[in-house]
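Enquirer: Here is a sequence with its predicted model. Questions after.
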Amino acid sequence: MNAYIEELLQITLTFIQSTYEEVAMLAIEIWSTLCQFEEERVLANIPFNSILNQYHEQLIALMLNGISKINPETEDKNNVAEGDRSVSISAAECLGHLSIILKNQVLSPVLNFAYPKL
């Protein structure tokens with residue numbers, strides 16, 4: 001299973017760094033879906049082997065990489081219709097889901113990412 005997760009991490013990164021935004025958003029959606037699955041298990045107090053905890057450093061870095069990908073065409077508020085998506089928005093939403101599961105483990109990397117940009 002670990003080999004598949006590591007390959008999925010690499011594929012997601014490849015598409016985030018590419019010009020294939022739709023595919024990158026779908027790859028991020030896989031992680032968001034996994035987050036939602038794990039959230040449900042946490043809330044129901046069902047024991048499980050958390051993939052997110054095992055790969056939290058890589059996942060947080062991956063989503064921060066996605067957040068930093070700003071496409072002027074999709075991020076221009078004057079040109080974005082209600083409900084339009086982008087890689088950065090998808091990654092930010094996934095990071096939000098990750099923070100529910102990982103709690104304080106997300107804080108330091110996010111602050112380190114955001115502080116230089118302030």
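Expert: Received it, and whenever you're ready, just let me know what you need.
Enquirer: Where does pLDDT dip in this protein?
Expert: 71-83 (pLDDT under 70).
Enquirer: can you give me the helices in it?
Expert: Applying DSSP state H to the chain gives helices spanning 2-16, 21-43, 51-54, 56-67, 72-75, 87-102, 107-114.
Enquirer: I'd assumed Pro116 was in contact with Leu64.
Expert: No. With contacts counted by C-beta atoms under 8 Å, Leu64 stays clear of Pro116, the gap being 12.0 Å. (C-beta placed from N, C-alpha, C; glycine too.)
Enquirer: mind putting the helices of the chain in JSON lines, mean neighbour count included?
Expert: Shown next, in JSON lines, are these (neighbours: other C-beta atoms under 10 Å):
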{"stretch": "helix 2-16", "mean neighbour count": "15"}
{"stretch": "helix 21-43", "mean neighbour count": "17"}
{"stretch": "helix 51-54", "mean neighbour count": "17"}
{"stretch": "helix 56-67", "mean neighbour count": "20"}
{"stretch": "helix 72-75", "mean neighbour count": "12"}
{"stretch": "helix 87-102", "mean neighbour count": "21"}
{"stretch": "helix 107-114", "mean neighbour count": "13"}
